[in-house]
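Undergrad: Return a 3D structure for these sequence lines:
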Amino acid sequence: MELITSVKNPLIVQTKKIKENPKDKLFIENPKLIREAFQSNLIFDYVLISKTKYEKIIKEYDFLSNYNIYLVGENVIEHLSDTKTPQGVIAIVNFKAKELKKPEGNYIVLESLQDPGNLGTIIRSAKGTNFKDIYLINCVSFCNQKVVRSAMGNLFNLNLYTFSSTQEFLNFADKNKLNFCVADMNGDNLFSIKEPLTNYGFVIGNEGKGVSAILKEKANKKISIPMKNGLESLNAGVSCSIIIYYLDNLI
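TA: Numbers count the residues shown, from 1 in each chain. This is a model prediction of the structure:
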């Protein structure tokens with residue numbers, strides 16, 4: 001097996017580009033997440049394993065032997081990794097948005113969400129509820145390295161769909177007669193809702209600008225989380241988590 005020690009090797013340059021500008025591939029360096037990707041039947045392009053940790057990793061994660069493995073020097077792993085103590089393995093995994101489908105139950109819409117930590121938080125919260133469909137309108141990529149880490153593997157089994165514009169989503173919503181509500185400071189108190197909202201979407205907007213005027217106009221309902229002590233609003237990921245957990249438990 002050839003040993004790659006140069007960070008200028010074409011494969012390493014390609015891997016770096018995937019990490020920095022992910023589109024439909026995941027850069028995963030956590031062995032636990034790599035195992036979860038395997039268990040979720042995702043397709044692996046290739047795996048990089050540190051020469052010094054090869055035997056240990058292959059023994060513990062024997063399924064990796066089914067894929068194209070490249071042996072690399074520690075300097076290569078350190079060059080590619082963001083962590084202070086790299087674990088010696090990196091997998092490049094295919095992960096595309098699903099083919100667009102109408103949601104089967106309650107769903108989440110994220111409009112222009114740009115913080116990967118917020119998206120990762122929402123993905124984790126969605127996995128813990130019955131909101132299994134997430135529609136992303138011009139958002140940070142769910143393949144972003146920080147999203148992958150903060151979601152902690154929970155994105156593998158959700159239905160993620162992408163739209164390039166709000167109007168594109170509205171066309172889809174009109175065609176499928178979808179109902180949705182938006183987070184709005186002047187909306188109804190979330191906790192005043194006592195009956196389940198079934199087959200409903202919940203929209204979270206951009207961290208700074210919130211939900212766009214056109215989505216607010218088209219929404220069937222506006223809801224808000226009551227604030228105390230002069231606080232105006234919550235982090236987007238926290239807000240979404242509170243709302244979907246509350247609505248999910250009304251069912």
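Undergrad: you'd agree residue 50 is up against residue 74?
TA: Yes - between residue 50 and residue 74 a contact is recorded at 5.6 Å, counting by CB atoms under 8 Å. Where you see a C-beta, it was placed from the backbone N, CA and C, and this is true even at glycine.
Undergrad: anything in contact with each of those two?
TA: Residues touching both residue 50 and residue 74 (CB atoms under 8 Å, 6 or more residues apart in numbering): residue 88.
Undergrad: Check which helices and strands whichever strand or helix holds residue 237 is in contact with.
TA: In the assignment (DSSP states H and E), residue 237 maps to helix 236-248. Using 3 or more CB pairs under 8 Å, 6 or more residues apart in numbering; DSSP states H and E, the elements in contact with helix 236-248 are strand 107-111, helix 116-127, strand 179-189, strand 200-204.
Undergrad: got the CA coordinates for that helix in CSV?
TA: Extracted in CSV, the C-alpha atoms of helix 236-248 (Å, rounded to 0.1, in the frame of the first residue of the first chain):
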residue,chain,number,x,y,z
ALA,A,236,-32.1,30.2,16.3
GLY,A,237,-31.2,26.7,17.2
VAL,A,238,-32.5,27.0,20.7
SER,A,239,-35.8,28.6,19.5
CYS,A,240,-36.4,25.9,17.0
SER,A,241,-35.7,23.2,19.5
ILE,A,242,-38.1,24.6,22.1
ILE,A,243,-40.9,25.0,19.5
ILE,A,244,-40.6,21.6,17.9
TYR,A,245,-40.3,19.8,21.2
TYR,A,246,-43.4,21.6,22.5
LEU,A,247,-45.5,21.0,19.4
ASP,A,248,-44.3,17.4,19.2
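Undergrad: how far does that helix sit from the chain's center?
TA: Relative to its chain's centre, helix 236-248 lies at 16 Å (CA atoms, centre = their mean, to the nearest Å).
Undergrad: again, but for stretch 59-76
TA: The answer for stretch 59-76 is 25 Å, by CA atoms, centre = their mean.
Undergrad: Name the surrounding residues that touch that stretch.
TA: 1-7, 9, 11-12, 31, 34-35, 38, 44-52, 54, 57-58, 88-89, 91.
Undergrad: Tell me who's in contact with residue 183.
TA: Neighbouring residues of residue 183 by CB under 8 Å, 6+ apart: 202-205, 210-211, 222-225, 239-240, 243.
Undergrad: Between all of these, which two are separated the most?
TA: Greatest spatial distance in the contacts of residue 183: 222 and 240, 15.1 Å, computed using CB to CB.
Undergrad: if you count what's nearby, which of the two comes out ahead?
TA: Taking neighbours as other CB atoms under 10 Å, residue 222 and residue 240 compare with residue 240 leading, 25 against 16.
Undergrad: Any figure for the gap between that one and residue 10?
TA: For residue 240, the distance to residue 10 equals 41 Å [CB to CB, to the nearest Å].
Undergrad: Name the nearest residue to residue 78, sequence neighbours excluded.
TA: Spatial nearest neighbour of residue 78, chain neighbours left out: residue 86 (6.0 Å); criterion: CB to CB, 6 or more residues apart in numbering.
Undergrad: Give me the more crowded residue out of residue 50 and residue 74.
TA: More crowded of residue 50 and residue 74, by other CB under 10 Å: residue 50, with 21 against 14.
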